[in-house]
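Trainee: predicted model follows, preceded by the sequence.
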Amino acid sequence: MSEEKSLILGIDLGTSSVKVALVTCEPTATVITNISRSFGNATITVPNVLGCSLQNNENNQDVARIFNCLHILLNRIPPGQLKRVVAIAVTGQMHGIVGWIGGDLAFNKESKRNKQRLDVAAVAGGCGNLTTWLDRRCDANFIASLPKPTKSEKPYPGFGCAIILWHLKNRTGEFSLTPISSMEEEKFFQRVTMLRKISAGSDGAPASKDDQYHYRTRIFTDDQMPKTRSTSQITPPNFFHASSNKDKVDRHPPWTCAGTIADLLVVGLTEIPKPIMSPQMAASWGYFDVEHSQWDTTALINILKNGSR
């Protein structure tokens, strides 16, 4: 009888490992499966293939590596158990942030269609790296310069809102502050993908193995690093401080969506066009009014009005 019970699949995308569990749908739930796997050192410490240099105290993780670790665990679960799953519960490391293009452009469509798995389109430019809670670019002076919250907690270094605001001041073009239609998103994605292929070379990125994680990558020494082709010929929407020649969009389209690594996974599983954050995750970003379950728009609007602040 127990083998016929419906199951809930739990997924935890942690800072250094991924965990999955299967439990029965009943008041006194029984754990059927509980496995975990470390994804090793997914921290990005050198400039990537597209020439994106790292700032001091920057802490990013490779989203593709994390998702691939999840697929390895799911493949260990017997198919008969997976067929009994009626709900999926997702959690993950808090505070951190990953940006991506809306809709399903953050994921590799071919992998979903042919392999029935969620491979992020990181190489193609559909999503970025995960900036973790260990990121320390937002120093004490920067945090002190932010407006005081009215109904929320001020973000700390490594918190999602602090990271976004740091980008708006120091690395413009990373996030879009104006709505972009699905058609515009698709246009940006296709053109950036094409330019990335040109930048990487016509031979493409060879498949490689790295600690049993199978994902497409290419390793370059400093003297082999290809020059990134600028996408400045693309006419961008009205981005924050994107009017001057020095603030042109490059490396990827401006992210129209942002969330935690768990939010990105939920978007891929449910195929919703925009992320929906839980109050717990939102609170971990700062500037979130927990009592009324809404963003502290008063403080955030003051930030935007003050521009470079």
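Mentor: All right, it came through fine.
Trainee: which residues in this protein form strands?
Mentor: 7-13, 17-24, 31-38, 43-44, 60-61, 85-92, 97-100, 127-131, 207-210, 213-216, 257-259, 288-289, 294-295 (DSSP state E).
Trainee: go through those strands and find the least confident stretch.
Mentor: Considering the strands of the chain one by one, the lowest average pLDDT is found for strand 213-216, at a mean of 31.
Trainee: show me where the protein dips below the pLDDT cut-off.
Mentor: Residue ranges of the chain with pLDDT under 70: 1-3, 41-56, 103, 123-124, 178-179, 181-182, 185-251, 302-309.
Trainee: can we see that at 80?
Mentor: Counting by pLDDT under 80, the low-confidence segments of the chain come to 1-3, 40-56, 103-106, 109-118, 121-125, 172-173, 176-253, 300-309.
Trainee: so how far is residue 287 from the residue nearest to residue 93 when sequence neighbours are not counted?
Mentor: Distance criterion C-beta to C-beta, 6 or more residues apart in numbering; nearest residue to residue 93, sequence neighbours excluded, is residue 15 at 4.8 Å. Placement of C-beta: from N, CA and C, glycine included. When distance is defined by C-beta to C-beta, to the nearest Å, residue 15 is 23 Å away from residue 287.
Trainee: of the two, which one has the most company?
Mentor: Neighbours per residue (other C-beta atoms under 10 Å) separate residue 15 from residue 287, with residue 287 holding more: 28 against 18.
Trainee: so the more buried one makes contact with residue 294?
Mentor: No: proximity of residue 287 to residue 294 does not meet the contact threshold set by C-beta atoms under 8 Å, at 10.4 Å.
Trainee: could you tell me how many residues sit around residue 75?
Mentor: 10.
Trainee: can you tell me which residues contact residue 99?
Mentor: By C-beta atoms under 8 Å, 6 or more residues apart in numbering, the residues touching residue 99 are 127-128, 174-175, 255, 257-258.
Trainee: and if we set it to 10 Å?
Mentor: Residues in contact with residue 99, defined by C-beta atoms under 10 Å, 6 or more residues apart in numbering, are 106, 127-131, 163-164, 167, 174-176, 252-259, 264.
Trainee: with residue 86 instead?
Mentor: So, once contact is read as C-beta under 10 Å, 6+ apart, residue 86 ends up touching 5-9, 25.
Trainee: and for residue 22?
Mentor: Residues touching residue 22, when contacts are defined by C-beta under 10 Å, 6+ apart, comprise 7-10, 29-35, 77-78, 81-82, 84-85.
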